[in-house]
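Asks: Got a predicted model here, sequence first, then my questions.
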Amino acid sequence: MHDERTPRPIALQDVPRLVGEEIGLSGWLLIDQARIDAFAAVTNDRQWIHVDVERASAELGGTVAHGFLTLSMMSSLTHEIFKLEGVSKRLNYGFERLRFTAPVFAGQRIRLRMTLAEATPKGDGLAMAFDCVIEVEGAEKPALVARWISVAYP
């Protein structure tokens, strides 16, 4: 289940004026065991905490999503939050201060909250740094916090 939203349109030339502003919040995305198993199969990361439902339930209270699965969902969740207009291409540049701060258990839902922290020229493009938080429904602590940098080109 995925609670989709209409992305906020943002013109590339308007981005610098939005620094410091919360850009938006995605809908909720269910992280179920099927998604965890599929990620384990693709990455060959089959550690028991992710895929052994019986053992993880007994020892941890359930299986835990891979941190990198949670991280990888940010890309699709971003598409729900905003759409840059006037862009020929947009590339990932990297992350700063990436931390996995709490587990995501199978059956929980996550969402992404994004704030534009910086917008600076980079060659012919614009480097944008977003402060990102992956929230877990009903949890006190977020699952992930990071500054995500991408570069957009007109």
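Replies: Cool, the structure landed. What you see is a predicted model, and the numbers here were worked out from it, not measured in a lab. Numbering: from 1, shown residues only.
Asks: CA atoms for contacts and neighbours, from now on please.
Replies: Noted.
Asks: Grab the most central residue of the protein for me.
Replies: M74 (2.1 Å; CA atoms, centre = their mean).
Asks: got a list of what that residue touches?
Replies: L112 (CA atoms under 8 Å, 6 or more residues apart in numbering).
Asks: how about it, phi and psi?
Replies: Phi and psi for M74, reported as degrees, to the nearest 10, are phi -60, psi -30.
Asks: any idea how far A102 lies from H50?
Replies: According to CA to CA, to the nearest Å, A102 and H50 sit 15 Å apart.
Asks: Mind checking which of these two has more residues around it?
Replies: Set A102 next to H50 and count neighbours by other CA atoms under 10 Å: H50 wins out with 22 against 17.
Asks: From what I see, that one and L60 are in contact.
Replies: No. Counting by CA atoms under 8 Å, H50 stays clear of L60, with 10.6 Å between them.
Asks: need the longest strand for this protein.
Replies: strand 108-122 (DSSP state E).
Asks: Q33 touches G107, doesn't it?
Replies: Yes. Using CA under 8 Å, Q33 is in contact with G107, at 7.1 Å.
Asks: what's near enough to touch D131?
Replies: M114, T115, L116, A117, V145, A146, R147, W148.
Asks: Closest one to G67 out of those, please.
Replies: Nearest to G67 among the contacts of D131, counting by CA to CA, is V145 at 11.2 Å.
Asks: Run through the bridge partners of the closest residue to the closest one other than its chain neighbours.
Replies: What sits nearest to V145 in space, not counting adjacent residues and going by CA to CA, 6 or more residues apart in numbering, is V133, at 4.6 Å. Listed by DSSP bridges, the beta-bridge partners for V133 are R113, V145.
Asks: Wait, V133 touches M114, no?
Replies: Yes. Using CA under 8 Å, V133 is in contact with M114, at 6.7 Å.
Asks: which residues do those two both contact?
Replies: Here V133 and M114 have no joint contacts, going by CA under 8 Å, 6+ apart.
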